[in-house]
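Student: Sequence and computational prediction follow.
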Amino acid sequence: MYIPKYAESKEPSVLHEFIDRHPFGMLVTSAGGLEGGHYPFLLDAEAGVLWTHLARANPQADALRGGARCLAVFAGPHAYVSPSMYVKKLHVPTWNYTAVHARCEASLVEDDAAIEDILKRTVARFDDRWTYDLPADFTAQLRRAIVGVKLKIAALEGKFKLSQNRDREDYDSVRRAFEARTDDNSRELLGYMRRTSPHR
């Protein structure tokens with residue numbers, strides 16, 4: 001991903017936090033043809049590993065065998081920036097957005113117990129009202145239809161394009177425009193703007 005210096009984030013803890021906050025990502029594979037799929041991911045930051053699972057019949061399953069390289073993409077809050085938001089008027093429209101890319105080496109997890117572990121950890125991560133407590137024959141049948149995926153992170157890159165290239169007057173004007181909004185996306189975007197502000 002093209003990242004101008006002003007929008008670049010290299011701090012692992014920041015990128016890990018972002019993935020943990022936006023865990024539903026896109027997995028892009030190229031073996032056997034370009035494919036993209038959308039999955040919930042579990043991050044083990046200490047080990048530098050992402051975990052997910054997908055249908056055994058999914059073409060991406062074969063594409064992920066044997067250390068295949070792939071890209072996991074995590075998108076966060078984003079918003080259109082109108083020229084009307086600036087004090088100085090010689091501007092064009094743009095888009096503020098946040099994203100993290102993880103370049104990975106993949107391996108499939110086909111051991112039944114390991115697949116069940118991924119499923120239980122996924123439920124524990126995303127559901128605080130239901131526990132993974134189902135009949136063994138029922139879950140065994142389901143597990144035969146899926147594969148687990150282990151993605152060893154080779155490189156992480158973050159792009160937080162949030163008007164940092166504007167002078168203080170225009171930056172503050174854009175910030176105030178987002179402060180006037182009440183939707184969750186704008187509030188989260190504003191939080192990232194405050195954390196990455198070049199004008200402190």
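Tutor: Cool, the structure landed. Every value quoted in this text rests on a predicted model; they were computed, and no experiment measured them.
Student: Can you mark which positions in the longest helix along the chain are buried?
Tutor: Secondary structure of the chain per DSSP state H: the longest helix is helix 112-126. Neighbour-count burial for helix 112-126 flags 115-116, 118-119, 122 (criterion: 16 or more other CB atoms under 10 Å). Backbone N, C-alpha and C define where each C-beta goes, glycine included.
Student: Give me the secondary structure label for Gly66.
Tutor: coil (DSSP: H, G, I helix; E, B strand; the rest coil).
Student: From Ala106, how far out is it?
Tutor: Separation of Gly66 from Ala106 (CB to CB, to the nearest Å): 9 Å.
Student: Give me the secondary structure label for Arg176.
Tutor: Under three-state DSSP, Arg176 comes out as helix.
Student: neighbour count winner among Gly66 and Ala106?
Tutor: Legend: neighbour count by other CB atoms under 10 Å for Gly66 and Ala106, higher for Ala106 (23 against 10).
Student: Surely the more buried one is in a strand?
Tutor: Yes. Ala106: assigned to a strand according to three-state DSSP.
Student: Tell me what it is bridged to.
Tutor: Leu151 (DSSP bridges).
Student: Gln164 - that's part of a helix, no?
Tutor: No. Using three-state DSSP, the assignment for Gln164 is coil, not a helix.
Student: what distance separates the helix or strand bottoming out on mean pLDDT in the chain from the middle of the whole chain?
Tutor: Every helix and strand of the chain was ranked by mean pLDDT, DSSP states H and E. The lowest is helix 136-143, at a mean of 91. Between the centre of helix 136-143 and the centre of its chain there are 30 Å (CA atoms, centre = their mean, to the nearest Å).
Student: In this protein, which residue is most central in space?
Tutor: Phe74 (1.8 Å; CA atoms, centre = their mean).
Student: Let me see the contact set for it.
Tutor: By CB atoms under 8 Å, 6 or more residues apart in numbering, the residues touching Phe74 are 18-19, 22-23, 25, 41, 99-102.
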